[in-house]
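# Here you go, sequence then predicted model.
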Amino acid sequence: MNERFSQITEDSEQLKLLEHFTVLIYDKASDLNSVNECRRVLFCQKGKSMENIPPTQSALLQHSRHAIYQATADQAQEDLPFPET
């Protein structure tokens with residue numbers, strides 16, 4: 001079951017797409033692809049508060065893994081044999 005949610009890594013294409021999507025959620029006009037760079041720009045140059053900037057790449061990766069794990073948890077339980085009474 002661990003291989004189902006550990007496939008997404010810091011270097012994976014899926015995380016890069018998710019990062020770009022997250023950047024666009026927080027700043028529609030941005031051409032950045034990195035959430036870490038977007039955080040710096042929004043906080044330092046645009047004066048946004050910490051509540052209004054995206055999560056770090058590490059936090060985004062962890063949240064993504066958790067969401068994938070939750071989405072596949074039911075499927076994993078279906079593969080288990082039912083205990084005999």
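Noted; the coordinates are in hand.
# Any stretches of this structure with poor pLDDT?
Residue ranges of the chain with pLDDT under 70: 1-6, 74-85.
# Tell me the buried residues in the longest helix seen in the chain?
Assignment by DSSP state H gives helix 57-78 as the longest helix of the chain. For helix 57-78, a neighbour-count test (16 or more other CB atoms under 10 Å) marks Gln57, Leu60, Leu61, Ser64, Arg65, Ile68 as buried. (C-beta placed from N, C-alpha, C; glycine too.)
# tell me what that helix is packed against?
Packing partners of helix 57-78 (3 or more CB pairs under 8 Å, 6 or more residues apart in numbering; DSSP states H and E): helix 2-5, helix 13-26, helix 35-40.
# Most tightly packed of those helices?
Most buried of the helices and strands packed on helix 57-78 by mean neighbour count (mean count of other CB atoms under 10 Å) is helix 35-40; its value is a mean of 18.
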